[in-house]
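J.: here is the input, now give the coordinates:
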Amino acid sequence: GPPSWLAEEISAALGEVERYPAPEASRLRAAAAERYGVDGECVVCSNGSDELFRALAAATGASRVLAPGPCYASYADCRLPAETPLLDAEKGFRPDFAFLDALLKRAGPGTLLFLGSPNNPTGSFPDQEALRDLALRNSGCWIVADEAFRDFLDDGSLASDGPPNLAATRSLTKYW
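T.: Numbering: from 1, shown residues only. Here you go, the predicted model:
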């Protein structure tokens, strides 16, 4: 069960749960923008990653999803046709960027590619420079680097220096 001190903490905080969260989440957005070195207008908050992934698919006008696996299952649940090619187990499920480039070229513009950075469940971490280069070579596609577990590795983020078709997502509940 929960620790004995938790009931007291919850009781003390109940006065703060009388309102809905701020719709624009301006304080949270400003804090995230400062932490990751991006403009606050580039920060979007959502009620969980699954909601954000579907919103990204809609906002980009994507027509299909590529979710190389094994990966988080919700990448392929964006209400679009999805392909989930299996990455090579002998290579530790690390993304093969020549393979990904060929997949994107075959799928064509309007494709939304999801990659865990690091990946869940394998823990593989894609080469960040290769990921940036992949986005630059496929400017008609969108690439989402899901950095939900990146805080366990370092303070970096692709959000601060990636090309405009490369989005980075984070999660408060994995680390914080």
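
J.: make it CA atoms for all contacts and neighbour counts henceforth
T.: OK.

J.: how about the strands of the protein, start to end?
T.: Counting by DSSP state E, the chain has strands at residues 64-66, 82-83, 111-116, 142-146, 166-169.

J.: direction included, what does the shortest one pair up with?
T.: Which is strand 82-83. Take DSSP bridges as the rule and strand 82-83 pairs in its sheet with strand 64-66 (parallel).

J.: likewise for the fourth one?
T.: Using DSSP bridges, strand 142-146 pairs in its sheet with strand 111-116 (parallel), strand 166-169 (parallel).

J.: quick one: that strand to chain centroid distance?
T.: Strand 142-146 has its average C-alpha position 6 Å from the chain's average C-alpha position, going by Cα atoms, centre = their mean, to the nearest Å.

J.: in this protein, which residue is most central in space?
T.: Here the mean C-alpha position of the chain is nearest to the C-alpha of D146 (Cα atoms, centre = their mean), at a distance of 2.5 Å.

J.: from what I see, W142 and A107 are in contact.
T.: No. Using Cα atoms under 8 Å, W142 is not in contact with A107, being 11.8 Å away.

J.: for R79, what are its contacts?
T.: R54 (Cα atoms under 8 Å, 6 or more residues apart in numbering).

J.: alpha carbons only: can I get the helix or strand bottoming out on mean pLDDT in the chain in CSV?
T.: Confidence across the helices and strands of the chain bottoms out at helix 172-175, with a mean of 81, counting by mean pLDDT, DSSP states H and E. As requested, the backbone C-alpha atoms of helix 172-175 are provided in CSV (Å, rounded to 0.1, in the frame of the first residue of the first chain):
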residue,chain,number,x,y,z
LEU,A,172,6.6,14.6,-16.8
THR,A,173,5.5,11.3,-15.4
LYS,A,174,8.5,9.1,-16.4
TYR,A,175,11.2,11.0,-14.5
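
J.: ok so, going back, now the strands paired with strand 142-146 as a markdown table including mean neighbour count?
T.: Compiled in a markdown table, these are given as follows (neighbours: other Cα atoms under 10 Å):
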| stretch | mean neighbour count |
| --- | --- |
| strand 111-116 | 27 |
| strand 166-169 | 21 |
